[in-house]
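> predicted model and sequence follow; I will ask about them next.
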Amino acid sequence: MKKPRTIRGVALILLLLVLLPLLVFTVYEISGLSGSESFVTDIYRRQLDIVLFSINQFAWDVANTWAGAVENGWKPAEAGGSFSPVFAREFLGKNQAIDAVFTADSTGTEITFMAGRGADEKPAHVRLALLLAGERPLIDRLLMLSSRNYRKIESRTFPDSSGPGGGVVLLFVMRDIRGIPVLAGIRLHQERFVREVLGERMREAAAGEFVISVFRTSNGDRVFASEEGPGADPEQRRQLWLFPDLAVGIRLKGETIQQVARSRVSRDIMILVVLDAVLLSGVWVVFRSVRREMEFVRLKSDFVSNVSHDLRTPLALIRMYAETLELGRLVGEEKKQEYYSTIVRETERLSRLVNNLLNFSRMEAGRRPYTFLPLDLNAVVRGVLDSFSPHLGSEGFSPIVDLDSAIPAVRADMEAVQEALINILDNAVKYSGGEKYLRVATGIRMDDVYVEIEDHGPGIPPEYRERVFETFFRVPSSKTSGAKGSGLGLAIARHIMEAHGGRIDLSSTPGRGSTFTLAFRYEHNTHH
Ligand code: ADP
């Protein structure tokens, strides 16, 4: 009753200390993971946004630089109020994305100067004037900002001959050297701008990791992509500040953000599962070793009480019989003889026990010396049976001895083999109960020379067939049958057989008996 409660206590403590926190942690982590998925997604989106922002900023900077160049190239009114032809040619030559550069009077009603490329310059002239006429409020605002020393650039779509949304006009107010405001404009070919000015920049920003593309917002056409191939939908898009009809989009190459986030989450779950498994198996190992340790402690305390009992019983008998003899009260030689042999028998039992204890402790420490000599197993068996016969006889056993005279000699330590045999014979006698059957045989089987001891006792249940060889272990039910023991006999026998490079085997049918076999490898032995 005591043991199961204690082991259950250990299990409970482990459960409370490790498994419960583990469970809570796991549940908490897993419930947090869905949040972390959207968190990761957010971070990625923000990163993509930054890339888009930098592209927009770049386009803007380019426009500003151009506006600056135009302002510097402008001559004051008394010098003609125009660009030098050299400047205009160079400016347009250097910047292929620019279709034309022009100035208009401050009301925007008259184009005062225009340098451009291409054949459609005349009609463009007219359309430009039309556009400006419709933008009076804008022009006023630009003039006002310019008077406060701020050169703002505004862009307006300018459908040209290449189709709707093909161009853009950047309008700004500049000042000539004497500070007189002049309305100026740069006409851009937006697709050329995207390809030639932004293209390099976008490829750089994509860095092989993203695909950046530019779309027309009016019809969704793709004007540019940092990479060839079918254009999956961008995950993030932004209006291009300079071009009212264009948007720049970005997505991860290969995976989508959601896939990335999800694979991260599933990796986290994997790690969690592995962690849990490691912890659980750790707990299991700890639990098992604690259980074994507790079992061992129990066996050990049983052992102490068993050994004490084993010592006390023969001592009490010896003392009682010796005292009776001493008092000389016994009549008849026969009776006396019986007392003497009881004393001898009990003394033998005592020395067997003490021998076992001593040998065992030496064996445990690995300090038992063995002397291996060629040994005739038959002779050893006969000797042991001889010395054991009074004991056997008094217990009502008359053993069947079945020795194979053809067996070869084995290399073995005689005393140790005797000890193993005695332990097994002793068990057969102790545990057989009413079934007084004992058979001892030798023989050869494959590479082994063996000694077999068979009884018709209670047998050993299958679940204990390995454990009976463990130190201190005793089959629980045999205790109720009253036979006392230390649980060392078979452990010692196994030690001995292993030291010989042999085996001890057990076959048993519960209720029918047990057969122990000591097997020596003679082929191996005869080599030496
Ligand atoms: P013990 O000192 O208890 O005999 P052993 O190591 O010799 O210790 O044996 C271990 C246990 O194996 C015994 O307690 C007994 O329960 C069981 N056992 C050993 N031999 C036999 C046998 N011949 N028949 C039935 N049970 C046996």
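Sure, I can see it.
> measure the residue nearest to the spatial centre of the chain to the ligand for me?
Nearest to the mean C-alpha position of the chain, counting by C-alpha atoms, centre = their mean, stands Val274 at 3.7 Å. Applying C-beta to the nearest ligand atom, to the nearest Å, the value for Val274 to the ligand is 43 Å. Every C-beta, even on glycine, is put in place using the N, C-alpha and C of the backbone.
> also Arg216?
Remark: distance between Arg216 and the ligand (C-beta to the nearest ligand atom) = 92 Å.
> that residue: how many residues sit nearby?
Per other C-beta atoms under 10 Å, the neighbour tally for Arg216 reads 17.
> got the contact list for it?
Contact analysis of Arg216 by C-beta atoms under 8 Å, 6 or more residues apart in numbering lists Gly165, Val223, Asp245, Leu246, Ala247.
> and the residue of the stretch 101-250 of the chain closest to the ligand?
Per C-beta to the nearest ligand atom, Glu209 is where the stretch 101-250 of the chain lies closest to the ligand, at 71.4 Å.
> what residues are up against the nearest residue to that residue once chain neighbours are set aside?
The spatially closest residue to Glu209, leaving aside those adjacent along the chain, is Lys253, at 5.8 Å (C-beta to C-beta, 6 or more residues apart in numbering). Lys253 makes contact with Ala206, Gly208, Glu209, Phe210, Val211, Glu227 under the criterion C-beta under 8 Å, 6+ apart.
> quick one: low-confidence parts of this protein?
Residues of the chain meeting the criterion pLDDT under 70: 1-5, 118-122, 160-166, 229-232, 478-483, 523-528.
> could you report the neighbour count for whatever residue of the stretch 201-350 of the chain ends up closest to the ligand?
For the stretch 201-350 of the chain, the residue closest to the ligand is Asn306, as judged by C-beta to the nearest ligand atom, at 7.2 Å. Using other C-beta under 10 Å, the number of residues around Asn306 comes to 19.
> spell out the secondary structure type for it.
State at Asn306, reduced to three classes by DSSP: H, G, I helix; E, B strand; the rest coil: helix.
> leaving out chain neighbours, which residue sits closest to it?
Using C-beta to C-beta, 6+ apart and skipping the chain neighbours, the partner closest in space to Asn306 is Ser486 (5.3 Å).
> what residues does the stretch 351-500 of the chain have near the ligand?
Neighbours of the ligand within the stretch 351-500 of the chain, by C-beta under 6 Å from any ligand atom: 423, 427-428, 431, 455, 457-458, 460, 468, 473-475, 478, 485-491.
> same thing but at 5 Å, please
427-428, 431, 457, 460, 468, 474-475, 478, 485-487, 489-490 (C-beta under 5 Å from any ligand atom).
> secondary structure element for Ala247, which one?
Assigned by DSSP states H and E, Ala247 falls within strand 246-252.
> quick check: Leu385 touching Val401?
Yes: contact criterion C-beta atoms under 8 Å: Leu385 and Val401 qualify, at 6.5 Å.
> quick one: common contacting residues for those two?
Common neighbours of Leu385 and Val401 (criterion: C-beta under 8 Å, 6+ apart): Val440.
> who has more neighbours, those two?
Each of Leu385 and Val401 has its neighbours counted (other C-beta under 10 Å); Leu385 has more, 17 against 14.
> ok so that one is a helix residue?
Yes: using three-state DSSP, the assignment for Leu385 is a helix.
> coming back round to it: how much space separates the residue nearest to the centre of the chain from Leu19?
Distance from Val274 to Leu19, counting by C-beta to C-beta, to the nearest Å: 17 Å.
> now do Thr371
For Thr371 relative to Leu19 (C-beta to C-beta), the value is 54 Å.
> where do the helices sit along this protein?
2-14, 20-73, 85-94, 121-133, 136-147, 190-192, 199-206, 257-327, 333-364, 377-394, 414-431, 476-480, 489-499, 522-526 (DSSP state H).
> residues contacting the closest residue to Val384 other than its chain neighbours?
Excluding its sequence neighbours, the residue lying closest to Val384 (C-beta to C-beta, 6+ apart) is Leu421, at 4.8 Å. By C-beta under 8 Å, 6+ apart, the contact list for Leu421 reads Val380, Val381, Val384, Val451, Ile453, Leu518.
> 7 Å - rerun?
Applying C-beta atoms under 7 Å, 6 or more residues apart in numbering, we find Leu421 in contact with Val381, Val384, Val451.
> outline the domain layout of this protein.
Listed by automatic domain parsing, the domain ranges of the chain are 2-59+257-305, 75-254, 370-521.
> okay, now Gly35: neighbour count?
A count of nearby residues for Gly35, using other C-beta under 10 Å, gives 10.
> make 211 the first number, not 1, from now on.
OK, 211 is where the count begins now, so the last one is Gly245.
> give me the distance between it and the ligand.
Taking C-beta to the nearest ligand atom as the measure, Gly245 falls 60 Å from the ligand.
> do Ala269 as well
Relative to the ligand, and taking C-beta to the nearest ligand atom, Ala269 is found at 91 Å.
> circling back to that earlier point, turn the helices of the chain into a markdown table, columns for distance to Ser428.
Shown next, in a markdown table, are the helices of the chain (distance: least, C-beta to C-beta, whole Å):
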| stretch | distance to Ser428 |
| --- | --- |
| helix 212-224 | 69 |
| helix 230-283 | 19 |
| helix 295-304 | 28 |
| helix 331-343 | 18 |
| helix 346-357 | 21 |
| helix 400-402 | 12 |
| helix 409-416 | 21 |
| helix 467-537 | 27 |
| helix 543-574 | 92 |
| helix 587-604 | 105 |
| helix 624-641 | 100 |
| helix 686-690 | 90 |
| helix 699-709 | 90 |
| helix 732-736 | 94 |
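> of the ones you listed, which is nearest Thr317?
helix 346-357 (7.4 Å; C-beta to C-beta).
> ok, and what's touching the closest one?
With C-beta under 7 Å, 6+ apart, helix 346-357 has contacts from Ser316, Gly318, Lys362, Glu364, Leu381, Phe382, Val383, Arg385, Pro391, Leu393.
> ok, stretch 268-284 next?
Stretch 268-284 is touched from outside by 293, 297, 301, 305, 311, 361, 363, 380, 382, 384, 386, 392, 394, 396, 407-408, 411, 450-452, with contacts defined as C-beta under 7 Å, 6+ apart.
> one step back: buried subset of the contacts of helix 346-357, written for ChimeraX?
Buried residues within those, by 16 or more other C-beta atoms under 10 Å, are selected in ChimeraX with:
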select :316,318,364,381,382,383,385,393
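> out of the contacts of helix 346-357, the closest to Gln469 would be?
Ranked by distance to Gln469 (C-beta to C-beta), these are led by Glu364 at 40.7 Å.
> and the gap between that closest one and Phe323?
Glu364 is 19 Å from Phe323, by C-beta to C-beta.
> and the residue nearest to Glu419, its phi and psi?
Dihedral pair for Lys463: phi -80, psi 140, per degrees, to the nearest 10.
> what's around Val639, how many residues?
For Val639, the count of nearby residues is 21 (other C-beta under 10 Å).
> which residue packs closest to it, ignoring adjacent ones?
Glu605 (5.2 Å).
> may I have the phi/psi pair for the one you found?
phi -90, psi 0.
> gap between it and Ser246?
Separation of Glu605 from Ser246 (C-beta to C-beta): 77 Å.
> just Ala334 next, same as before
Remark: distance between Ala334 and Ser246 (C-beta to C-beta) = 56 Å.
> which ones are touching Val228?
By C-beta under 7 Å, 6+ apart, the contact set of Val228 is Leu489, Val493.
> recalculate using a threshold of 6 Å.
Val493 (C-beta atoms under 6 Å, 6 or more residues apart in numbering).
> repeat that for Arg385.
Pro391.
> if we can go back for a sec, the residue nearest to Asn516 contacts Ser518, correct?
No: using C-beta atoms under 6 Å, Ser696 and Ser518 do not qualify as a contacting pair, with a distance of 10.1 Å.
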